[in-house]
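# Quick one, what's the 3D model for this:
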Amino acid sequence: MAQYSAQLDGVFVALADPTRRAVIRRLGHGPTSVGDLAREFPMTLPSFMKHVRTLESNGLIRTVKSGRVRTCVLNLERLALVDDWLAEQRRIWEERTDRLEQFVTDPEENRQ
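Numbering: from 1, shown residues only. Here you go, the predicted model:
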């Protein structure tokens, strides 16, 4: 559980930045070279590479070098961590709102 929590924390830290979220969104359309990705952002290549390294170190993307071109590929399995966490949160909150609704709409049960 602690390892899962640490992995999830890292993913959320990586996704906290709008540039990194934009990179993830772009890679959702398919693999792209670092150079092509970097052109979409108003920053220097070394600054952009910090974002790439953060995403890569947290497992959200992987990079593959072929000759002089480094290509970024989205890791859907790592994004599944977020999906699983959100599904659990959704379940918890739906149960809570269901109990609240029952409490509010069933006055007989509330008197006991």
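# which stretches of the protein form helices?
Remark: helices assigned in the chain by DSSP state H are 2-15, 18-27, 34-39, 45-57, 76-105, 107-110.
# And residue 96, how far from residue 89?
11 Å (Cβ to Cβ, to the nearest Å). Glycine gets a C-beta too; all of them are placed from N, C-alpha and C.
# then stretch 67-78 to CSV, C-alphas only?
This file holds the C-alpha atoms of stretch 67-78, laid out as CSV (Å, rounded to 0.1, in the frame of the first residue of the first chain):
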residue,chain,number,x,y,z
GLY,A,67,19.6,7.9,-34.0
ARG,A,68,19.4,11.5,-33.0
VAL,A,69,15.6,11.6,-32.4
ARG,A,70,14.2,10.9,-29.0
THR,A,71,10.5,9.9,-29.1
CYS,A,72,8.1,10.2,-26.2
VAL,A,73,5.5,7.5,-25.7
LEU,A,74,2.6,7.6,-23.2
ASN,A,75,2.5,4.9,-20.5
LEU,A,76,-1.2,4.1,-20.2
GLU,A,77,-0.6,1.6,-17.4
ARG,A,78,0.7,4.4,-15.1
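# list the buried ones in it?
Buried residues in stretch 67-78, counted by 16 or more other Cβ atoms under 10 Å: 71-72, 74-75, 78.
# again with stretch 3-15
Buried residues in stretch 3-15 (16+ other Cβ under 10 Å): 8, 10-11, 14-15.
# Is it possible to get a markdown table of those that adds distance to residue 103?
Listed next are these as a markdown table, based on distance: Cβ to Cβ, whole Å:
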| residue | distance to residue 103 |
| --- | --- |
| 8 | 32 |
| 10 | 38 |
| 11 | 35 |
| 14 | 39 |
| 15 | 35 |
